[in-house]
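Q: Whatever this is, show me its structure:
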Amino acid sequence: MISNTDQVRCLVVEDDDFKLESIRLHLKDVLQGKALITECHALSTATSELTSARFDVVIIDMSIHSHEPEVGAGSPVPLPSGGLDVLFEVSYLNCNSECIILTQYTDIEIEGLPVPVDLAAAEIELKFGIKVAGCIQYSENDAKWKADMCKILEGM
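A: Numbers count the residues shown, from 1 in each chain. From the prediction side, this is the model:
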């Protein structure tokens, strides 16, 4: 799918600016200039983007905030499993987007229980019927996440 297109529309849901920059640079490199990247930091923004545009790939951090910080809007609430809500939104809207979970944690919380990252895609499909292209553990000091993402993107 990705190799046959002129543009790959990517939504990156990540609230850590340093990690977001790493993801942005990697996508631009691996997709060789075909990446059209939209970035958001919170669940509310991700939901808004998903309802207003079509994305080929959605890269999701599992722990995000409820909304973007804005003066007078109250403090954003941290949502340790907010990424699951993004997955639910993709599924509900029938977006046909490929979803990749990218988390710095070794486990993903699913229904209150920790699930190892390498088992999380199967668990999400089993429990919720949502297909995830892959779950990757992110570490800034280890390039394995980049190789894992390349493998998933090449398989699309």
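
Q: what about the helix or strand residue 50 falls within, distance to the chain center?
A: Using DSSP states H and E, residue 50 maps to helix 43-52. Computed by CA atoms, centre = their mean, to the nearest Å, the separation of helix 43-52 from the middle of its chain amounts to 13 Å.

Q: same question for it, mean pLDDT?
A: In this model, helix 43-52 has a mean pLDDT of 94.

Q: helices and strands around the next helix or strand after that helix, which ones?
A: With elements assigned by DSSP H and E, the helix or strand that comes after helix 43-52 is strand 57-60. Secondary-structure packing of strand 57-60 (3 or more CB pairs under 8 Å, 6 or more residues apart in numbering; DSSP states H and E): strand 8-13, helix 82-93, strand 98-103. The way it works is simple: take the backbone N, C-alpha and C, and place the C-beta from them, glycine included.

Q: Can I get the ones you listed in CSV including distance to residue 58, mean neighbour count and mean pLDDT?
A: Shown next, in CSV, are those (distance: least, CB to CB, whole Å; neighbours: other CB atoms under 10 Å; pLDDT from 0 to 100):
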stretch, distance to residue 58, mean neighbour count, mean pLDDT
strand 8-13, 5, 24, 96
helix 82-93, 6, 19, 93
strand 98-103, 5, 24, 96
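
Q: got TSV for these, with distance to residue 57 too?
A: Shown next, in TSV, are the helices and strands packed on strand 57-60 (distance: least, CB to CB, whole Å):
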stretch	distance to residue 57
strand 8-13	5
helix 82-93	11
strand 98-103	5
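
Q: Of these, which is nearest residue 137?
A: Of all the helices and strands packed on strand 57-60, strand 98-103 sits nearest to residue 137, with 6.4 Å by CB to CB.

Q: picking that back up, and the helix holding residue 50, what does it pack onto?
A: strand 8-13, strand 35-40, strand 64-65, helix 82-93.

Q: redo that, cut-off 10 Å
A: With contacts taken as 3 or more CB pairs under 10 Å, 6 or more residues apart in numbering; DSSP states H and E, helix 43-52 sits against strand 8-13, strand 35-40, strand 57-60, strand 64-65, helix 82-93.
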